[in-house]
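In: Curious how this folds, go ahead:
(one chain, ligands or ions: 1)
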Amino acid sequence: MTPTTTANPLLQIQFQIPFDQIRADNVQPAVEELLQGARAELDRLTSDHGPRTFANTLQRLDQLTERLDYAMQIVRHLEAVATTPDLRAAYNAVQPKVSEFYSSLPLNEALWQAVLGYSRTEEARDLTGARKRFLEKTLDNFRRHGAELNAEGKKRIAEIDVELTKQTIRFSENVLDSTNQYEWVITDERQLAGLPESARAMARASAASKGLAEPSWRFTLQAPSYLAVLTYLDDEPMRRKLYEAFVHRATEDKYDNRPIMRSILELRREKARLLGYRDFADLVLEDRMAHAGDRARQFLEDLKNKTESTFRKENADLLAFSGKKELQPWDIAYYAEKERAALYDFDEEALRPYFPLESVVQGMFEIVRRLYGIAVLEKPDVPVWDPHVKYYEIRDVSRTPDGSRPGGDLVGAFYADWFPRESKRGGAWMDNLITGELHSDHQDPHLGLICGNLTPPGDDRPSLLTHREVQTIFHEFGHLLHHCLTRVELRGFAGVNVAWDFVELPSQIMENWTWERDALDLFARHYQTGAPIPPELLEKMRRARNFRAANAQMRQLGFGLVDLALHRDIAPGSDVDLLSFARDILQHFSPAKLPEDYAMIVSFTHLFASPVGYGAGYYSYKWAEVLDADAFTRFQEGGIFSREVGGRFRDGILSRGDSEDPAELYRNFMGRDPDPNALLERSGLLVRQ
Ligand SMILES: [Zn+2]
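Out: From the prediction side, this is the model:
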């Protein structure tokens, strides 16, 4: 029997999400009903006049929004991967109400009194472990959201949160729309000189998808297309044209993010001040590993000092190599690629045939089977939002004698959506859809997803990836494992719900395996002949790894420092031009002189596409790199497929979520605090004596 068509598919948590039935007009009625349900549940919680217990207070709070979270995760996800005008309108219509509800929770006086009341009970005083941490974090979280403010202050906080949600949604829509509105179509093949076949094929396919007459090639500002042109196209004026279009995104009338960015920064600052913090960085970093804006800045400045001299040397080398008087920003990737080819006789494109997507994915599954004792298997015929999306189940086989027979407990499942579409946002990401409950005798499975914008298949070949894209897959899968291997009692502590500067450890550590010969041998196979990467080619790839490592590091440090500066150094009411402010900082980290009207900052979705996001937290990428480089040394010592080290990482980090202080989890795994030298050493920026 098929379900009745009148049932709203967003109302019930279903492990097999009926993506084939969810329509834009389900969104509003479902969210209205779920909001009502959550409000009623909140009333029951606060009007319970019996003695306060963990179960009737904190546990109920932990579960209060479970159904609403589920529905909103799905809607938000569909808006990110399969948007339509109707869906976008429906999402925009409900989002402010939902955001208002979430931010009303810590401002709800009765709820605050209930939590505070519980905290004074004997039971609360005797709590230990994760439950104790949950109570402390809940109290802190209420305070950081304004629970102790007067009525007027609370009202203002609520208004700010709603406004921030609206503004950040517009910010991200403007970036998507201004990216999509640009195209460059050529019909003369001679203009493609320098461009590798993979990029030409992609441009041909893109032109065909738009019904353009043959022969034509269509280039866009989506990453695979844009980066290929900047790296390879001989035609300098065209590189420049595309570069300028890229760094001016979201500055045109209709999509202008400049006033939006200013308003987001002002709202964030006002909120921080109201809550008694110096600035937004201090507010959001309080419960992260860095704890305060100053410490994050010091961390970045310290790495900058250790990187700068190599950075200058790399730039001098590149200039000399190019034979030009001065390099422009649109020259850098182009000449760097040539320099790398000359120094290492290594062409990234030569690797593509060895990285067919399917083989990469299967090899990655084999690696985690060995390390963590889990089997990942595709399950067909599951409803998805696009025919290219695949669905996989993760089973725990760690208890079978040889670890090879799937069929153990289902611990999680996920969707993988790897190719670009116009209805999908750029970048790569992981998200969670369902957090399974931990029972005394078993763990319910978790559900999540991973998405990317990788090189799509061509007419006569499968998707063939760059090594960078291979790392992206490993990275997102690392986040996914953090979610799917969770075993914690409280939903709020599950998987990726950890401090932002800790959350990239499980993802970034995965990238290390893509550099190891024994791991590559499992999946890097020529798509036509099945041959492994020839040893000379692999050797070249590994030697070229740290080519311009100081530039790569400086770029990330620049983003981290501009983020902190925007959130710390702009005085209230200041009329400083934010584009030049950001440009002047980023200039110190750029190998070429940036254009006067350089506007990359207004398409920087990491910082401004959600109310918090990576705002004041971009430094976390480097912070986590320090952690991952250091932690990976344990695998190097114990063997990169070591079940023993893998087991300790799974039990000590991946399964623990936020149930313990991340600094403590890290110390338990490593036996000491993180050592930043491991990162410098891995990047070739430090030679140990
Ligand atoms: Zn990540």
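In: Which secondary structure state is assigned to residue 413?
Out: Classification of residue 413 using DSSP: H, G, I helix; E, B strand; the rest coil returns strand.
In: Residue 447 too?
Out: Using three-state DSSP, the structure places residue 447 in strand.
In: Do I have it right that it meets residue 15?
Out: Yes: counting by C-beta atoms under 8 Å, residue 447 touches residue 15, with 6.2 Å between them. In this view, the C-beta of every residue, glycine as well, is placed from N, C-alpha and C.
In: any idea of the pLDDT on whichever residue of the stretch 501-650 of the chain sits closest to the ion?
Out: The stretch 501-650 of the chain approaches the ion most closely through residue 507 (4.2 Å), counting by C-beta to the ion. If you check residue 507, the pLDDT there is 96.
In: Flag the shaky bits of this structure, pLDDT-wise.
Out: For the chain, the stretches flagged by pLDDT under 70 are 1-6, 399-407, 687-689.
In: how about the nearest residue to the residue most central in space within it, chain neighbours excluded?
Out: In the chain, the centroid-proximal residue (C-alpha atoms, centre = their mean) is residue 429; its distance is 4.5 Å. Spatial nearest neighbour of residue 429, excluding adjacent residues (C-beta to C-beta, 6 or more residues apart in numbering): residue 451 at 5.6 Å.
In: returning to what we had before: ok, the residue nearest to the centre of the chain - contacts?
Out: Counting by C-beta atoms under 8 Å, 6 or more residues apart in numbering, residue 429 makes contact with 80, 450-452, 476.
In: Out of the residues you listed, which sit inside strands?
Out: Among these, the ones falling in strands (DSSP state E) are 450-451.
In: Using JSON lines, lay out the contacts of residue 429 together with distance to the ion and neighbour count.
Out: Below are the contacts of residue 429 laid out as JSON lines (distance: C-beta to the ion, whole Å; neighbours: other C-beta atoms under 10 Å):
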{"residue": "80", "distance to the ion": "15", "neighbour count": "20"}
{"residue": "450", "distance to the ion": "10", "neighbour count": "22"}
{"residue": "451", "distance to the ion": "12", "neighbour count": "22"}
{"residue": "452", "distance to the ion": "12", "neighbour count": "24"}
{"residue": "476", "distance to the ion": "7", "neighbour count": "24"}
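In: ok, the residue of the stretch 501-650 of the chain closest to the ion - contacts?
Out: With C-beta under 8 Å, 6+ apart, residue 507 has these contacts: 430, 475-479, 482, 624.
In: Which parts of the chain are strands?
Out: Secondary structure of the chain, counting by DSSP E: strands at 184-186, 217-219, 374-378, 390-396, 409-417, 429-434, 446-451.
In: Contacts made by the first one with the rest, please.
Out: If you take C-beta under 8 Å, 6+ apart as the criterion, strand 184-186 is touched by 192, 207, 212, 216-220, 238, 241-242, 245.
In: and if you look at stretch 330-343?
Out: 227, 230-233, 236, 239-240, 242-244, 317-318, 321-322, 324, 327, 346-348, 544, 547-548, 551, 591-592.
In: Just the buried ones among those residues, please.
Out: Neighbour counting over the contacts of stretch 330-343 (16 or more other C-beta atoms under 10 Å) leaves 230-233, 239-240, 242-243, 318, 321-322, 327, 346, 348, 544, 547-548, 551, 591-592 as the buried ones.
In: Return the residues of the chain in contact with the ion.
Out: Counting by C-beta under 5 Å from the ion, the residues of the chain close to the ion are 504, 507.
In: quick one: contacts for residue 449?
Out: Residue 449 touches 77, 414-417, 430-433, 480, counting by C-beta under 8 Å, 6+ apart.
In: Need those residues in CSV (columns: neighbour count and distance to residue 9).
Out: Formatted as CSV, the contacts of residue 449 follow (neighbours: other C-beta atoms under 10 Å; distance: C-beta to C-beta, whole Å):
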residue, neighbour count, distance to residue 9
77, 21, 14
414, 25, 19
415, 24, 16
416, 21, 22
417, 21, 19
430, 22, 23
431, 21, 18
432, 24, 19
433, 20, 13
480, 29, 24
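In: want to throw those into a markdown table with distance to residue 362?
Out: Shown next, in a markdown table, are the contacts of residue 449 (distance: C-beta to C-beta, whole Å):
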| residue | distance to residue 362 |
| --- | --- |
| 77 | 25 |
| 414 | 15 |
| 415 | 17 |
| 416 | 12 |
| 417 | 17 |
| 430 | 19 |
| 431 | 23 |
| 432 | 24 |
| 433 | 24 |
| 480 | 16 |
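In: In the stretch 101-250 of the chain, what residue lies closest to the ion?
Out: Proximity of the stretch 101-250 of the chain to the ion (C-beta to the ion) peaks at residue 223, 15.6 Å away.
In: Do I have it right that that residue meets residue 453?
Out: Yes: counting by C-beta under 8 Å, residue 453 is a contact partner of residue 223 at 5.9 Å.
In: Settle it for me: which of those two has more neighbours?
Out: residue 453 (21 against 18; other C-beta atoms under 10 Å).
In: show me what contacts the closest residue to the more buried one other than its chain neighbours?
Out: Excluding the flanking residues, the one nearest residue 453 by C-beta to C-beta, 6+ apart is residue 420, at 4.1 Å. Residue 420 is in contact with 222, 224, 426, 453-454, 456, counting by C-beta under 8 Å, 6+ apart.
In: From those residues, which land in helices?
Out: Among the contacts of residue 420, DSSP state H puts residue 224 in helices.
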